[in-house]
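*Asks:* Provide a 3D model corresponding to the input given below.
(one chain, ligands or ions: 1)
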Amino acid sequence: MTKINKEAKDEGSDLVDSLTDTHLTETINDLFGAGTDTTITTLHWTIAIMAEYPDIQKKVAIEIEEVIGHDRLPSLEDRGRLPYAEATMMEVLRFSSIVRLGVPHATTCDVMLDNFQIPKDTMVVINHFALHFDEEFWDQPKCFKPEHFLDDSGSVRQHPNSFLPFSTGRRSCLGESLAKAELFLIFTWLLQNFESAWWQR
Ligand code: HEM
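*Replies:* Model (predicted):
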């Protein structure tokens, strides 16, 4: 039995065992709703940050120029070959923290977390913003520094502590890999072809 059908059964609905047009429409609606505004807002932040930090913009553009040049567009196969660009994009996700308090969830049973007892049916919210600006884990969290995501050898730190822009667990963002792919492509295409007049002078 699908989850939708189980919900329909729990609600005593006669839609059990059928996937209706409403389910389909609402599911597509969810995907567009959750997937469009988030990606667009992150790209708005990216452009604003690149305008604010032209030195970083220039470093990303030079990396793209050296690794890819201008004869072709960057592709997803280039991930891993553009560590500074990738680290910059991850730093945008941290610095912007666009989904600041995630989506509210609820406990389905009594839970002990460290020394905290959380009763069944309590609303639980992850404070992503606090995680991303925690001074215990980030050196100068209020500064925009792509180096936050680079290790000593210059490789990208894919899963640093205290970094959950897409949340975690069973209900974490369904579109994480799609969003990361879109952001990487649009960001690198933009900086391959856009040269700020400011640093050309
Ligand atoms: C920068 C882009 C994005 C960010 C920062 C982001 C972040 C998040 C976060 C924090 C959640 C809440 C997870 C939770 O409840 O704990 C979420 C849920 C979700 N996201 Fe994204 N998201 C992005 C892009 C996308 C895209 C492109 C899609 C799909 C095309 C998508 C689909 C969804 C869906 C369907 C959920 C609900 C998952 C569930 O409740 O099981 N997201 N997202």
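
*Asks:* hey, let's count contacts and neighbours off CA atoms from now on
*Replies:* Will do.

*Asks:* Near the ligand, which residues of the protein are found?
*Replies:* Selection of the chain residues close to the ligand by CA under 6 Å from any ligand atom yields 30-31, 34-35, 38-39, 42, 99, 102-103, 165-168, 171-176, 178-179.

*Asks:* Buried only: go through those for me.
*Replies:* Buried by 16 or more other CA atoms under 10 Å: 35, 39, 42, 99, 102, 165-167, 173, 179, out of the residues of the chain next to the ligand.

*Asks:* For the longest helix seen in the chain, buried residues please.
*Replies:* Looking across the chain with DSSP state H, the single longest helix is helix 21-52. If you call a residue buried by 16+ other CA under 10 Å, then helix 21-52 has these buried ones: 35, 39, 42-43, 45-47, 49-50.

*Asks:* for Arg81, helix, strand, or coil?
*Replies:* Of the three states, Arg81 takes coil under DSSP: H, G, I helix; E, B strand; the rest coil.

*Asks:* quick one: contacts for it?
*Replies:* If a contact means CA atoms under 8 Å, 6 or more residues apart in numbering, then Arg81 has Val67 as its contacts.

*Asks:* how far away is it from the ligand?
*Replies:* Arg81 sits 21 Å away from the ligand, going by CA to the nearest ligand atom, to the nearest Å.
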